[in-house]
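[1] got a structure for you, letters missing:
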């Protein structure tokens, strides 16, 4: 059986309207007025809270130190750096202004290095905020030869 596009579109709109109305519940407030509430936590069919229990609250990134750690002179040869994380920092922002991808890895000593298959790869000209451990040393390398000086930055802080 073939249905016309107009009938199918009308059925889709009706389904969306019914689904949208099903999510909201109506209650009478203390003044006797009817209220529609979106997401409601209920106890015995009475609203307890209008809060969305699945909502995610993010906190903006706030730096712990005034200046970033700059990894100067990054090339395709791994280079190690000493880093010091502030005791209150829970995250770090890694900024890769280079025209190539870079890899960075926490290492146990200045003798250990990152490779093309280890560490975290950060794409060229991007930044990301990531949770942190407490590294003493990091090793960093460019995945391919940069066409200009490459100096990624790491800034400790809190938030996302």
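    Arrived safely. Small disclaimer: the values here were computed from a predicted structure and weren't measured.

[2] let me see the ranges of the strands in this protein.
    Taking DSSP state E as the criterion, the chain carries its strands at 25-28, 34-37, 41-43, 46-49, 62-63, 69-70, 79-82, 91-96, 102-107, 120-122, 126-131, 137-142, 153-158.

[3] need the contact list for residue 80.
    Residue 80 makes contacts with 107, 110-113, 137-139, as judged by CB atoms under 8 Å, 6 or more residues apart in numbering. C-beta: built from backbone N, CA, C; applies to glycine.

[4] quick one: which of those residues has the most company?
    residue 139 (23 neighbours; other CB atoms under 10 Å).

[5] identify the bridge partners of it.
    residue 80, residue 105 (DSSP bridges).

[6] related to what we said a few turns ago, which two among the contacts of residue 80 are spaced furthest apart?
    Farthest apart among these by CB to CB are 111 and 138. That separation is 13.3 Å.

[7] my guess is residue 59 contacts residue 160. True?
    Yes: Residue 59 lies in contact with residue 160 (CB atoms under 8 Å); the separation is 6.4 Å.
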